[in-house]
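Enquirer: next come a sequence and a model predicted from it.
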Amino acid sequence: MKDLVQEEVGPFTLENVAKNPKAVEGGATEAYKIEYTSSSNGDVLHLLNAYSSEDEPAALLAALPTEYEKQGFTEAGEGDVMNESGEKIGSVTTMVNESEGLEIIIWSDRNILAQAIGGTGNAQAFYKEIPY
């Protein structure tokens, strides 16, 4: 899965990649914390976790918004993740914390659960450019 890590995602440049043992302890088969920076868009933390089935990311995607609501985030939207053929391969949820100026995009893509965390607009800009 580490081969999914991009050197550049739109205006964002890779700064650091580290394994995420906490996510593996929680059931992921492989997990990374990836830091990106952009001079025009600020920083984004990208969490990338792989699971042994598609059911695990779907269940986590359903549960994570509640956890983020406890931290002051509200749901700003949700939708489907589609492949090039128009087939649904996952779901996406956007969470925002207006008082902190933060947003989180959480999405699943088959057996992958990913998150982009950054300032308002930055996470969305990153999500729109990432190829998975």
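Expert: Received, thanks.
Enquirer: what's near enough to touch the spatially most central residue of the chain?
Expert: Taking Cα atoms, centre = their mean, the centroid of the chain lies closest to Q115, which sits 1.4 Å from it. Taking Cβ atoms under 8 Å, 6 or more residues apart in numbering, we find Q115 in contact with 45-47, 64, 104-107. The C-beta positions use only the backbone N, C-alpha and C, and glycine is treated the same way.
Enquirer: check which helix or strand covers Q124.
Expert: helix 122-129 (DSSP states H and E).
Enquirer: repeat for P131
Expert: Residue-wise, P131 maps onto no helix or strand under DSSP H and E.
Enquirer: these two touch, right, it and D3?
Expert: No. Assessed by Cβ atoms under 8 Å, P131 is found out of contact with D3, at 11.7 Å.
Enquirer: quick one, strands of this structure?
Expert: 8-9, 12-19, 30-37, 44-50, 74-82, 88-97, 102-109, 112-119 (DSSP state E).
Enquirer: related to what we said a few turns ago, buried sites along the helix holding Q124?
Expert: 122-127 (16 or more other Cβ atoms under 10 Å).
Enquirer: kindly reformat those as a markdown table containing pLDDT.
Expert: A markdown table is the format used below for the buried residues of helix 122-129 (pLDDT from 0 to 100):
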| residue | pLDDT |
| --- | --- |
| N122 | 95 |
| A123 | 96 |
| Q124 | 95 |
| A125 | 95 |
| F126 | 96 |
| Y127 | 96 |
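Enquirer: circling back to that earlier point, adding distance to N16, write the contacts of Q115 out as CSV.
Expert: Formatted as CSV, the entries for those read as follows, by distance: Cβ to Cβ, whole Å:
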residue, distance to N16
L45, 10
H46, 10
L47, 13
L64, 23
I104, 19
I105, 20
I106, 21
W107, 21
